[in-house]
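Peer 1: here's a sequence, model it:
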Amino acid sequence: MSTPYFRFKQFTVRHDRCAMKVGTDGVLLGAWAGASESSERASQPAMTSSIKHILDIGTGSGLVALMLAQRFHNAFIDGIDIDSSAVLQAKDNFSASPFSTRLCAYSSPLQDWQPQEKYDMIVSNPPYFSNSLLCPDNTRTMARHNNTLSFAELFEHSDRLLSPCGTLALVLPADAEKEIMALSRLHHLYCVRLCRVHTTAAKPAKRILIAFSRQVQSCPLTPETLCLSENGLPRSAAYSALTQAFYL
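Peer 2: Numbering: from 1, shown residues only. Modelled structure (predicted):
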């Protein structure tokens, strides 16, 4: 039986009322989104960043929103989810954190979300299973399957909600890369950063971390590679460096 909470260095995430628990995908996105490949890491909070408003789509327990609140000291973050139990849990996690004044959770589908301001960053660890057996637990189905939020809708509404200089950052299965690239071009969002995530160097990529902007890259994109474990250790040096501000 999993523990009802996960403790990080600066906050604790309870997830006993959420369909999807704290996992590697969310931690990767929270540490990677909005950081440049060479200069900024999660261990170096963006205190003077121009990122002021962030949206976390499908916030669940609020993990990614909490990580971004720790990294971006001046940002106000909205988390939305269609699972009302998850929203209540996110609210509790936000209230118990050192960043409570900058975090809000709302029960709303993305398609209906109408904020007062555009967002400088949108992040999501979206549901991505399609054409697969649905789980009998309805809340887990909503969290895991994209029958309530397709990739096409994700891009359509991110386009609607992004500021002119905003970025969209996602964590997705590696086999969704071609589909996501095609959809992004339909909305004039261009890939500005791509990281292929491998469990080990000997295995093919399992996930991608990918970021989009309205600005066309002036030079060809050079994809990054991240191996989660190496030399028999559960966390590689690169994974440890990326997440050192969070994991105990």
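
Peer 1: strands of the chain, start to end?
Peer 2: For the chain, the strands defined by DSSP state E occupy 5-7, 12-14, 53-57, 76-81, 103-107, 119-124, 162-173, 190-198, 207-213, 224-227.

Peer 1: ok, which of those comes nearest residue 113?
Peer 2: strand 76-81 (5.7 Å; Cβ to Cβ). Using the backbone N, CA and C atoms, a C-beta is placed for each residue, glycine as well.

Peer 1: got the angle for the closest one vs strand 53-57?
Peer 2: Interaxial angle of strand 76-81 relative to strand 53-57 (axes from the mean of the first three to the mean of the last three Cα atoms, to 10 degrees): 20 degrees.

Peer 1: picking up where we left off before, Serialize the strands of the chain to a markdown table and add fields for mean neighbour count, mean pLDDT and distance to residue 87.
Peer 2: Converted to a markdown table, the strands of the chain look like this (neighbours: other Cβ atoms under 10 Å; pLDDT from 0 to 100; distance: least, Cβ to Cβ, whole Å):
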| stretch | mean neighbour count | mean pLDDT | distance to residue 87 |
| --- | --- | --- | --- |
| strand 5-7 | 15 | 96 | 17 |
| strand 12-14 | 18 | 98 | 13 |
| strand 53-57 | 26 | 98 | 12 |
| strand 76-81 | 24 | 98 | 5 |
| strand 103-107 | 19 | 98 | 4 |
| strand 119-124 | 25 | 98 | 15 |
| strand 162-173 | 20 | 97 | 21 |
| strand 190-198 | 19 | 97 | 28 |
| strand 207-213 | 22 | 97 | 25 |
| strand 224-227 | 16 | 98 | 31 |
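
Peer 1: want to try JSON lines for those, with distance to residue 235 as columns?
Peer 2: Shown next, in JSON lines, are the strands of the chain (distance: least, Cβ to Cβ, whole Å):
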{"stretch": "strand 5-7", "distance to residue 235": "15"}
{"stretch": "strand 12-14", "distance to residue 235": "19"}
{"stretch": "strand 53-57", "distance to residue 235": "24"}
{"stretch": "strand 76-81", "distance to residue 235": "26"}
{"stretch": "strand 103-107", "distance to residue 235": "27"}
{"stretch": "strand 119-124", "distance to residue 235": "22"}
{"stretch": "strand 162-173", "distance to residue 235": "17"}
{"stretch": "strand 190-198", "distance to residue 235": "13"}
{"stretch": "strand 207-213", "distance to residue 235": "15"}
{"stretch": "strand 224-227", "distance to residue 235": "10"}
